[in-house]
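Visitor: Please work out how this folds:
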Amino acid sequence: MRILLTSAALVALLSVARVEAFAPISAVSSTRHGTGTSRAGRAGSTTGSALSSTTEREATETTNGATASSDSSSSSGSNDPYLQRRPRPEYIPGHIPDANYVRIFDTTLRDGEQSPGATLTTSEKLDIARNLAKLGVDVIEAGFPVASPDDFNAVQQIADTVGQEVFEDGYVPVICGLSRANEKDIAVAWEAIRGAQRPRIHTFIATSKIHMENKLKKTPDEVVAIAVNAVKFARGLGCDDIEFSPEDAGRSDPEFLYRVLGAAIEAGATTLNIPDTTGWNMPWEFGEVIAKLRANVPGADRVVFSTHCHNDLGLATANSLSGALHGARQLECTINGIGERAGNASLEEIVMSLALKGREQFDATAAGTRGGGQLYSGINPVHITATSKMVAEYTGMKCQPHKAIVGANAFQHESGIHQDGMIKNKATYEIMTPESIGLHRGESQSGAGIVLGKHSGRNAVFTRLKELGYGDLDSDKLKAIFTRFKEVAEKKKGGLDDEDLEALVSDQAGSINDLWDVTGLQVATGMQGIPTATVTLTGPDGVSRYVAATGTGPVDAVYKAIDQIMGVSVTLEDYSMQSVNEGIEALATTRVVISPTEGGPNEMGATHAQSGITSDRKFTGLGSDTDIVCASARAYVSALNKLLTFSMRRKKQQMEAAAVDDVDSGSDAGPAPELAGNTPVVQAPSTK
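Guide: The predicted structure is shown next:
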């Protein structure tokens, strides 16, 4: 068990009186092929963006003085220059009609979920996919379908729903499934994504010497043959949008890359993704790799080159932008930069870099690429904050305070010199406004806001949540947050700060469909005697059960009591606690990571996309309370609820599959799966 205690100080944040305008850009024709379910009134969230010049900004501020809206119902036909974006070109696999357009490929749901402890439920993946569509990402890599039945179902649901939801301007995201370069993986991936309007298969095989010799045990000739057969097989299934990746390309021999990529193009690949798998390259090195591949790979003019950069040296975003400078026109990234090891290139950093600098710092002619150095994407940045917060809450992976664009301190100023400059002109210390990414600071952060306390109503709480970037929460989640808010406000004098409110959002992020709820808790501990906890939980059947248990400390005793009631056997992988703000009444946020005990009743595995190794799944839970023991209990039950929900769904799928086999053979399928919590515990007396 690892315990981390930190304290976060309140930081003054000056509000912005007006918004840095996005330059109005003349519309170009944009057509698409195919039809689908219309999503009327959402075109504003799908078109490209570029920040205006100083002169244009001042002019638009004088005439409008408006605030950029994060409402997905914004229309592309709006007269408000803040909402006008450059339309994206027609989507064609292997070709982008506008040489300056950069496709954004989001792999949060695949590479991002490979982060330890970042397991997502199917409903959470669907929520994130819908937010990615609001952002306007060109490609959503929805997962690795062959990894497990749950991964397959999640990818299939995203393809069948988000992949069919067409925005008013015709935009619909490409839904991509990852597969290793073998027929089984590819067939499963195709079955999962084929329901989308624009399905894509992404297949890969390692090409560096160290990978071929030590991991694959294959010769270069064998690797080329496997790559060609994989692409041809995908083509044969009916997929006309195929991405091929030479894993560890950043450390691969250039001559071998020319050969294997040329063969992949000849076999039918439409996008060539160049991964810096280990984050090894410097930006100038990686840019040169892209330039040489475009110059030397046979048939390079028939495909789109892509980047996939990892952050082991902190250069993922820089390498991706260097790739774009040298001709890559698809950049792969994740929300908040999450992913394997040190993570991936950050979507928000790439998008805002292109928005701020794409029109002047990407001299395509100097870099020897086509296009006029006017790079842009189709992302609507006003949805960045809401999507970032959703990913952080669902994965349990909070952003560091100084994270660019979306960190808690990204738009905060404490230095007196900085504050003076901000008061006189906000452009002195901010190159973009928080409103441009959907973060509304509100009056409260300039010292004139309302205090949220026990007498506050729903409207005050919901308005502040919207200002903090939580405008996309549905009504059930808002009700759960408000109920929890009232409970905490009764205990905490002086009202709740913004950090407290955000902690409650994290606390309730996955609570709508919880199986078990903590309804009572009492502990006895000290220097004398054995720590004892009595815990009462209300189960999915509405019955309250309680158990008393002892442990090495109060939290250990509470967790042992919970284990007995819920009938689970898990390993506590990580435990951390953070004080949301200062003071004796500060709200505490606890994060736990658990995994099923090997050989236990809930044992389950997950297959790694690249290595193929099966390891235990990990589940994350968050809990907030002014009492650290209560916060710890809430976090633990939250993680266990995720585990049990996942386990029940898997058992149900296995029984349904067995039932089909039994019908064929004429035998009985057996009893239905039972809920956890059937261990011999005391039932609490009814209060009715």
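Visitor: what's in contact with stretch 186-201?
Guide: Outside stretch 186-201, the residues that touch it by C-beta atoms under 8 Å, 6 or more residues apart in numbering are 34, 36, 91, 93, 139, 142-143, 145-146, 152, 155-156, 158-160, 163-164, 166, 172-179, 202-203, 230, 233-234, 237-239, 241-243, 271. Where C-beta positions appear, they are placed from N, C-alpha and C, glycine not excepted.
Visitor: Would you write out the ChimeraX command that picks the buried residues out of those residues?
Guide: A single ChimeraX command is used to select the members of the contacts of stretch 186-201 judged buried by 16 or more other C-beta atoms under 10 Å:
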select :36,91,93,139,142,143,145,146,152,155,156,158,159,163,164,166,172,173,174,175,176,177,178,179,202,203,230,233,234,237,239,241,242,243,271
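Visitor: and residue 519, helix, strand or coil?
Guide: The local conformation at residue 519, judged by DSSP: H, G, I helix; E, B strand; the rest coil, is strand.
Visitor: Verify the contact between it and residue 538 for me.
Guide: Yes - taking C-beta atoms under 8 Å as the definition, residue 519 is a contact partner of residue 538 at 4.8 Å.
Visitor: What is the burial count for the residue lying closest to residue 626 once chain neighbours are set aside?
Guide: Computed as C-beta to C-beta, 6 or more residues apart in numbering, the closest residue to residue 626 that is not its neighbour in sequence is residue 491, at 5.0 Å. Burial of residue 491 is recorded as 12 neighbouring residues (other C-beta atoms under 10 Å).
Visitor: Does the residue at minimal distance from the centre of the chain lie in a helix or a strand, and which?
Guide: Averaging the C-alpha coordinates of the chain gives a centre point, and the residue nearest to it by C-alpha atoms, centre = their mean is residue 391 (4.0 Å). Following DSSP states H and E, one finds residue 391 within helix 384-395.
Visitor: which other helices and strands contact that helix?
Guide: Of the remaining helices and strands, those touching helix 384-395 by 3 or more C-beta pairs under 8 Å, 6 or more residues apart in numbering; DSSP states H and E are helix 122-135, helix 347-357, helix 498-507.
Visitor: what's the angle from that helix to helix 347-357?
Guide: Orientation of helix 384-395 against helix 347-357 (axes from the mean of the first three to the mean of the last three C-alpha atoms, to 10 degrees) gives an angle of 170 degrees.
Visitor: can you pull the buried residues of helix 384-395?
Guide: Buried positions in helix 384-395, judged by neighbour count with 16+ other C-beta under 10 Å: 384, 385, 386, 387, 388, 389, 390, 391, 392, 393, 394, 395.
Visitor: What of stretch 281-298?
Guide: 281, 283, 286, 287, 289, 290, 291, 293, 294, 297.
Visitor: surely the first one meets residue 252?
Guide: Looking back up the chat, that one is residue 281. No - counting by C-beta under 8 Å, residue 281 does not reach residue 252; the two are 11.2 Å apart.
Visitor: on that earlier part again, find the residues that touch each one of residue 519 and residue 538.
Guide: residue 544.
Visitor: Neighbour count: those two, which is higher?
Guide: Using other C-beta under 10 Å as the criterion, residue 519 and residue 538 rank with residue 538 on top: 17 against 13.
Visitor: and the more buried one, what pLDDT?
Guide: Per-residue confidence for residue 538 comes out at a pLDDT of 93.
Visitor: number of nearby residues for residue 119?
Guide: Using other C-beta under 10 Å: residue 119 sits among 24 other residues.
Visitor: mind starting the numbering at 148 from now?
Guide: Okay, residue one is now 148; in that scheme the one you just asked about reads as residue 266.
Visitor: List the contacts of it.
Guide: For residue 266, the set of contacting residues under the criterion of C-beta under 8 Å, 6+ apart consists of 260, 753, 764, 765, 766, 767, 789, 793.
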